[in-house]
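Student: give me a model of this one.
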Amino acid sequence: MINHKQKLKRHILTTAILIPCSIGLHLAGYYALWKRLDPFQYFFYNTAWWSYIIFLDALWAYKKNTYLVLNKKLPSLIVISCGFWCIFEIVNVRLENWFYITLPQETCLRYGGYLLAYGTVVPAIYVTQEYIASFISPIRIKSFTIPHYSIFSTLSGIFVLIVTLIYPLYAFPLTWIFFALILDGYNYRKGYGSFMKDLEKGHMENIISYMASGLVCGLLWEFWNLWSLSKWVYSVPLFEDLKIFEMPLPGYIGFVVFGIEVMTFVNFIRAVEMKKKIYWTLSFIALCFSLFSFPLIDRYTVFSYAPSIEKLSFINEEKRTQFMQQGITTSYGIDIRRLNHDEQALINLLHLKGLGYENFMKLQKAGIITIENLATLDETTLSSLLNEHNMRRVRVYLKAARKYIKKK
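Tutor: Model (predicted):
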């Protein structure tokens, strides 16, 4: 039998190993981007976030002698977090407020990327919130109660969701409210943790720490997305120009609200994780829902994939053979300095804001072979050439082309 002192030593040793490993993983992500290492360069976002989660949780365990998420339930938490985020991916099929570019062609890599990326959402906000909460003193306000809150909150959430789906152009901000209302109403009725219960007691520290966590994680989401090769691009109505990183400026308010949304979900998970049958049923439902969502994301939200080097007929066959012999599988592994002027112009167009090979070929058939050619088009013409009905996406590429020319 292992005594308590031996367990503590093993725990400290494990934690001491995890901290430098997390730093190494984080730096490895940047190295893969810098060296254009396939397929690792497409997973920078995942390495950045998981190194962050591991580092914070290991540091927490070093101080508190317990892990927040790095335990035997982590695999199921990843699946549950993925299913949770897929709710918003499905809503986005209707909203079309963001889209993905330069994703791996291989389905197994892409779906694995979805799982690991979406699987960070709940752990990241939860770990960050625990840190923030540890520095916040109790905050008291005058308590208040909403009569029949459970029914009112649940029905309000359903109503908000319906309005969002019917009027996506104007009601899209409500995306980040509906689920919190529905789930908090349920939590309140079942006697689980609830932000309404906190307000009834006059306690604000938990709510504020989750709001702050949402904002901190939101800033990191956008910062690491900026550097990522496989990434999302926003095409939010009314706010296409006011951006910090890729996010429109008012969107950072949404991160604060999203922190509350995650709070309601964490309260729910905490309540059911002790009930093994319910918890594993939730994990199974989340997995099934994720697998249902992934093909829909591919169909409606993915705008481009990383171009396979075999398809790049504008690069002479000898060069392509050399690249492939060097282990380069996509156009993003190519050192552009090894190409001639015409090849550089074509690959720059191919890579413009992750335009992608299929869209590149559509433009090439119409005689658009440079970014300068693209910049001269109007929205209607480009929409027709790309067969893209979302004019906000079309404007993203016209603006990128014109910005490129200005910098040149």
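
Student: helices and strands around the one helix or strand residue 14 maps to, which ones?
Tutor: In the assignment (DSSP states H and E), residue 14 maps to helix 4-35. Other helices and strands packing on helix 4-35, by 3 or more CB pairs under 8 Å, 6 or more residues apart in numbering; DSSP states H and E, are helix 44-64. Just so you know, the C-beta spots here come from the backbone N, C-alpha and C atoms, and that holds for glycine as well.

Student: how many degrees apart are the helix or strand that residue 226 is a member of and helix 44-64 in direction?
Tutor: Assigned by DSSP H and E, residue 226 falls within helix 205-227. On the basis of axes from the mean of the first three to the mean of the last three CA atoms, to 10 degrees, helix 205-227 is oriented at 140 degrees to helix 44-64.

Student: tell me which residues in the helix or strand where residue 384 lies are buried?
Tutor: Using DSSP H and E, residue 384 sits within helix 379-386. Buried residues in helix 379-386, counting neighbours by 16 or more other CB atoms under 10 Å, are found at 382, 383, 385, 386.

Student: cool, stretch 93-113 as well?
Tutor: Those buried within stretch 93-113 under the rule 16+ other CB under 10 Å are 95-104, 109-111, 113.

Student: same deal with stretch 310-327?
Tutor: For stretch 310-327, by 16+ other CB under 10 Å, it's 311, 312, 314, 315, 319, 320, 323.

Student: quick one: end-to-end distance for that stretch.
Tutor: 12 Å (CA to CA, to the nearest Å).

Student: state the mean pLDDT of that stretch.
Tutor: For stretch 310-327, mean pLDDT rounds to 90.

Student: can you give me the offset of the strand or helix carrying residue 359 from its chain's centre?
Tutor: Taking DSSP H and E as the criterion, residue 359 maps to helix 357-365. Relative to its chain's centre, helix 357-365 lies at 28 Å (CA atoms, centre = their mean, to the nearest Å).

Student: which elements pack onto it?
Tutor: Short answer (3+ CB pairs under 8 Å, 6+ apart): helix 357-365 packs on helix 341-351, helix 379-386.

Student: ok, residues contacting that helix?
Tutor: Residues outside helix 357-365 that contact it (CB atoms under 8 Å, 6 or more residues apart in numbering): 303-305, 307-308, 311, 331, 349-350, 355, 369, 373-374, 385-387.

Student: tell me the two of these that are most distant?
Tutor: Farthest apart among the contacts of helix 357-365 by CB to CB are 308 and 373. That separation is 23.9 Å.

Student: looking at those two, which is more packed in?
Tutor: residue 373 (16 against 12; other CB atoms under 10 Å).

Student: looks like that one contacts residue 382 (just checking).
Tutor: No: counting by CB atoms under 8 Å, residue 373 does not reach residue 382; the two are 10.9 Å apart.

Student: next, the buried residues of stretch 348-364.
Tutor: Here stretch 348-364 shows 348-357, 359-360, 362-364 as buried, counting by 16+ other CB under 10 Å.

Student: cool, stretch 401-408 as well?
Tutor: So for stretch 401-408, counting by 16+ other CB under 10 Å, buried means 401, 404.

Student: now do the contacts for the nearest residue to residue 172 once chain neighbours are set aside.
Tutor: Nearest in space to residue 172, with sequence neighbours left out and distances taken as CB to CB, 6 or more residues apart in numbering, is residue 95 at 5.2 Å. Counting by CB under 8 Å, 6+ apart, residue 95 makes contact with 164, 168, 172, 175.

Student: just residue 369 next, same as before
Tutor: Contacts of residue 369 by CB under 8 Å, 6+ apart are 345, 346, 349, 363.

Student: and what about it, helix, strand or coil?
Tutor: coil (DSSP: H, G, I helix; E, B strand; the rest coil).

Student: distance of it from residue 53?
Tutor: Distance, residue 369 to residue 53, using CB to CB, to the nearest Å: 44 Å.

Student: over to residue 91?
Tutor: 25 Å.

Student: out of the buried residues of stretch 348-364, who's nearest residue 184?
Tutor: residue 354 (37.2 Å).

Student: what sits opposite the residue lying closest to the closest one once chain neighbours are set aside in the beta ladder?
Tutor: Leaving aside its chain neighbours, residue 354 sits nearest to residue 101 (2.8 Å; criterion: CB to CB, 6+ apart). Under DSSP bridges, the beta-bridge partners of residue 101 are residue 231.

Student: residue 101 and residue 233 touch, don't they?
Tutor: Yes: applying CB under 8 Å as the test, residue 101 and residue 233 come out as touching, 6.0 Å apart.

Student: quickly list what's touching both of those two.
Tutor: 303, 353, 354.

Student: any chance of those in a markdown table, with secondary structure, pLDDT and distance to residue 39 too?
Tutor: Converted to a markdown table, these look like this (DSSP: H, G, I helix; E, B strand; the rest coil; pLDDT from 0 to 100; distance: CB to CB, whole Å):
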| residue | secondary structure | pLDDT | distance to residue 39 |
| --- | --- | --- | --- |
| 303 | coil | 96 | 19 |
| 353 | helix | 94 | 21 |
| 354 | helix | 95 | 16 |
